[in-house]
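Visitor: how would this look folded up:
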Amino acid sequence: MELLVGVTSPSTQNAESNLLDDMRREAETNALRIIQAKLEKPENLEKLDQLRTAAAQRKRTLDEQLRTAVQSQLESIKTGIAQLQISLDNMKTVERTMRETDEKLQKIAPLQSKLEDLRHEANTYRQLSLAQANLDYIIKTPENVKKADDLMAQEKLLQAHQLIMEIENSRNYLLFELHKAQEKDSQPDDIQLVTNYFADYERLVAHLRQLIAFRVSRWYDCAISAPEKLVTALRLIEREEQVDRFWMEKKEISGFSPPDRPRQWKKLCFELLRKSVKDRIEGNQLETREEHKYWLARHLEMCRQILLRDFLIITKTCRRCFPKQYDIVNRFLDYYHNCLKEHLTEICDPKRRTESDTLTTAEVYTIVIFVRDYLGPECLGKPELGLDVSQLSPLLEKDILIAVTDVFINERKQKFNEWIPNIISSEVKDWNALKEVELTSEHYYATTMPRMLYNMIIETLDMAKQMSDETCQLILGMILQKVTEFRDLYVNEINNYAKKYFADRQSFRECFTKQMVANANNCESVPNFMEVVRKKYDRDDLDDLSRSSQKQLNRYESIGKLFERTAEFCCDIVLQEMETDTSKFLKGLFTREWFGPTAKPCCGTIIETTRDYWSSELTHLKKPLLAFLFYAWHKRILAHYLRNLFSRNITIKFERPDERRRCAEQLRSEAALLDKEFKSWDGTSAENATEYHFNILSNIADVLEQTDLDSIVLEIATLAKKYPSLTMEQVIQVLSLRGDLTKQEAKDKADAALANMPRVNQGILHEITEIINQLN
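Guide: Next comes the predicted model:
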């Protein structure tokens, strides 16, 4: 097998040969491709010599680079071999040295047993020398105990602590020696003897601990009146911490530690500080709900003042008294925050309160406002304190805050459920008491209802907004719902009041109309108030076209339209009263009672009655509603005119042209008079004057007065163009009034006038026709 080492198998040789052949063929192929590219154009043949020269130059350059790389590689290999040789020589030297050392150690081993007696004597000498050095302290222990008692009585704690440490060192030395002796022979009686001898030492330590704990617990008073006492206590705590660390390290080495170590007075200091903070937070609650209505507000205000006062002392004085590593400002900040958090949680947690002891709305409001302002400039965020409050957790956890907020929301909802019926009940009571209606500074009738409703809403929303934006939005949603419910109840009571009035008008004297005008004015002001509420309390950005904000905006618009319709409903009731007072004359319009030798002044009476209403009650109706009322009233008057005019049972029929002329003149005269009077009443300016449609009477008068039967078709066509809802039946009825056309002739002329003129149900005539249908 050794003969075959280094011999390559035939299969391996063939594989290598094939690989070289492939590489050669690939190189030739690449070379042909390069030559073909360079000699692609005939003019490149002239540069053949240059190409050969350039190729030869590149070949020489590549050969030189290859030679240099191989030479560098060979030099690196030589260097590595030389370093390996040096390492091998060093390893041989180390091996030889270790062998020689091991041989020498074998010769020294018996020497240990020969020097055992010497080692024992040396240990004994060391113990005796230490005992001699501490003998004075051991003997002086009773004297030092008395001195320490006297020093602590004089509050010289540093000197007393020094004597106590001397006593402790003596005790610890004896205990340590006994500990070492116990490894060979257990002597519990010796340990008990030492413990009894140093019993007063333990009493001194307990007394010193009590004095230090007292000063730490009274840190606030010490920081103000005697900061040096607080500093002394903290210095002693730091000394004790150093001793604790010394004996902990000693225990890891020797296994011995004094029985009262570690004392952990630093940990005790922090516990005392936290307890004092908790006592300061909880100790200022001097009242209960039974003793004072605003006990919680007074308690939290006292907490706020304590926080400001204490942290002023902590940042100015305690920062200098406590060691820097205590980070005392942030430590106190953590203590105060957590103690206050626990205290508030205990007050707010519904699981810890009975049904009869639940928080009131005022208490919830007080808590939420305190939590909101807790980190603000009125409390911990005050710039003078310079506290970093960014890392503090929430003063109330989210679930507790939600539970507290729910108490407020539910109570407000319950209050609204009580207030709304009470407001309406008070309003109805005033209606039935026939009380004189109040006038506002603008001389409009109004009742106390809007003021009561607005004050209730504003008061609730102000409280909610001060608590938080989230609470304000929840309360706002509830209020919008309650306002809608209020409107439904209000409309129902107005309707009942109107029914009661029309059943017995005499018992209400003149108060009914004034109350209806006041109710209309009340409702007219609600949309403006809701817009004020939206701008002041709704946080949704109405420039945002999101679905939620648009939906919220639609709620306000919907409520505004509801109250606008309610105001119009009140105006309709006033119109119903006016119509009742003038019903006899309205029904007489365009009848024989209206025209003829025995005619009554129907139109004049209607105008005078309307003027009476305007001068007494309607002048105190707000201008938008006044315009609405007169516009609706003019449509009703026109409806009564046209109702009789379009009726098949009309009692007027003209036989002569002069009758038709006089009727037309009366229509034009009354139309002009009505238009003039209405424009003087509705309170609109000349620029925004309301367009009344009494001219429809004048247009009909033109048809009645026309003497040329051939031109009457043109008059009807003009009338139909102005009023696209004018029907064939209405035209025939108007023509039949003339008395000079047969029914067929009237129908033919109506057909001719309305031919190719589509009729649509829109415009003023359509609105009046709907009123006529209601009258019928």
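
Visitor: In the stretch 301-450 of the chain, where is pLDDT below threshold?
Guide: Scanning the stretch 301-450 of the chain with the threshold set as pLDDT under 70 gives 350, 352-357.

Visitor: after the helix or strand harbouring residue 72, next one along is what?
Guide: Element membership of residue 72, judged by DSSP states H and E, is helix 48-108. Downstream of helix 48-108, the next assigned helix or strand under DSSP H and E is helix 111-114.

Visitor: In PDB, list the C-alpha atoms belonging to that next one.
Guide: Output of helix 111-114 as PDB, limited to C-alpha atoms (Å, rounded to 0.1, in the frame of the first residue of the first chain):
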ATOM      1  CA  LEU A 111       9.400  19.400  54.500                       C
ATOM      2  CA  GLN A 112       5.700  20.300  55.300                       C
ATOM      3  CA  SER A 113       5.500  17.800  58.100                       C
ATOM      4  CA  LYS A 114       8.800  18.900  59.600                       C
END
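
Visitor: For the closest residue in space to residue 419 that isn't next to it in sequence, which residues are in contact?
Guide: Leaving aside its sequence neighbours, residue 419 sits nearest to residue 456 (C-beta to C-beta, 6 or more residues apart in numbering; 5.5 Å). C-betas here are computed from N, CA, C, even on glycine. Applying C-beta atoms under 8 Å, 6 or more residues apart in numbering to residue 456 gives the contacts 416, 419, 423.

Visitor: Count the neighbours of the nearest residue to the last one once chain neighbours are set aside for me.
Guide: Across the structure, with C-beta to C-beta, 6+ apart as the measure, the residue nearest residue 423 apart from its sequence neighbours is residue 452 (5.1 Å). Residues contacting residue 452 under the criterion other C-beta atoms under 10 Å number 15.

Visitor: If you count neighbours, what's buried in whatever helix or strand residue 452 lives in?
Guide: Using DSSP H and E, residue 452 sits in helix 449-467. Neighbour counts using 16 or more other C-beta atoms under 10 Å place 449, 450, 453, 456, 457, 460, 461, 463, 464, 465, 467 of helix 449-467 among the buried residues.

Visitor: distance of the residue nearest to residue 423 from residue 443?
Guide: Separation of residue 452 from residue 443 (C-beta to C-beta, to the nearest Å) stands at 21 Å.

Visitor: do residue 527 as well
Guide: Distance of residue 527 to residue 443, given as C-beta to C-beta: 21 Å.

Visitor: More neighbours: those two, which one.
Guide: The neighbour count for residue 527 versus residue 443, taken as other C-beta under 10 Å, is higher for residue 527 (18 against 8).

Visitor: so what's that one closest to, chain neighbours aside?
Guide: Of all residues not flanking residue 527 in the chain, residue 560 sits nearest, at 3.3 Å (C-beta to C-beta, 6+ apart).

Visitor: Can you tell me how far the one you found is from residue 208?
Guide: Counting by C-beta to C-beta, the gap from residue 560 to residue 208 is 78 Å.

Visitor: try residue 454
Guide: Distance, residue 454 to residue 208, by C-beta to C-beta: 70 Å.

Visitor: confidence score at the residue nearest to residue 527?
Guide: What the model reports for residue 560 is a pLDDT of 91.

Visitor: Please, where are all the helices along the stretch 501-650 of the chain?
Guide: For the stretch 501-650 of the chain, the helices defined by DSSP state H, counting those that start in this stretch cover 511-537, 547-581, 583-588, 602-616, 623-645.

Visitor: so who does residue 314 touch?
Guide: 223, 328, 329, 332.

Visitor: Restricted to helices, list those.
Guide: Among the contacts of residue 314, DSSP state H puts 223, 328, 329, 332 in helices.

Visitor: What is the most widely separated pair among those residues?
Guide: Greatest spacing in the ones in helices among the contacts of residue 314, by C-beta to C-beta: 223 and 329 (12.6 Å).

Visitor: what is in contact with the two at once?
Guide: Common neighbours of residue 223 and residue 329 (criterion: C-beta under 8 Å, 6+ apart): 314, 318.

Visitor: Residue 650 contacts residue 590, correct?
Guide: Yes - Residue 650 is within contact range of residue 590, at 7.4 Å (criterion: C-beta atoms under 8 Å).

Visitor: between those two, who's got more neighbours?
Guide: residue 590 (25 against 16).

Visitor: what are the phi and psi values for the more buried one?
Guide: Main-chain dihedrals, residue 590, degrees, to the nearest 10: phi 60, psi 40.

Visitor: My guess is the residue nearest to residue 527 contacts residue 526. True?
Guide: Yes - here residue 560 reaches residue 526: they are 7.1 Å apart, a contact under C-beta under 8 Å.

Visitor: Give me the more crowded residue out of these two.
Guide: residue 526 (23 against 17).

Visitor: Now that one: closest residue in space that isn't a chain neighbour?
Guide: Here the residue nearest residue 526, using C-beta to C-beta, 6+ apart, is residue 563, at 3.9 Å.

Visitor: Report the contact partners of the one you found.
Guide: Residue 563 is in contact with 487, 523, 524, 526, 527, counting by C-beta under 8 Å, 6+ apart.

Visitor: For the fourth one, which residues are in contact?
Guide: Contacts for residue 526 (C-beta under 8 Å, 6+ apart) come out as 450, 483, 559, 560, 563.

Visitor: can you do 10 Å?
Guide: Residue 526 is in contact with 450, 453-454, 483, 486-487, 490, 559-560, 562-564, 566-567, counting by C-beta atoms under 10 Å, 6 or more residues apart in numbering.

Visitor: any chance of the residues you listed in CSV, plus distance to residue 736?
Guide: Below are those laid out as CSV (distance: C-beta to C-beta, whole Å):
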residue, distance to residue 736
450, 54
453, 56
454, 58
483, 54
486, 53
487, 48
490, 49
559, 51
560, 48
562, 46
563, 47
564, 42
566, 43
567, 42
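
Visitor: With respect to residue 766, which of these is nearest?
Guide: Nearest to residue 766 among the contacts of residue 526: residue 564, at 22.7 Å, using C-beta to C-beta.
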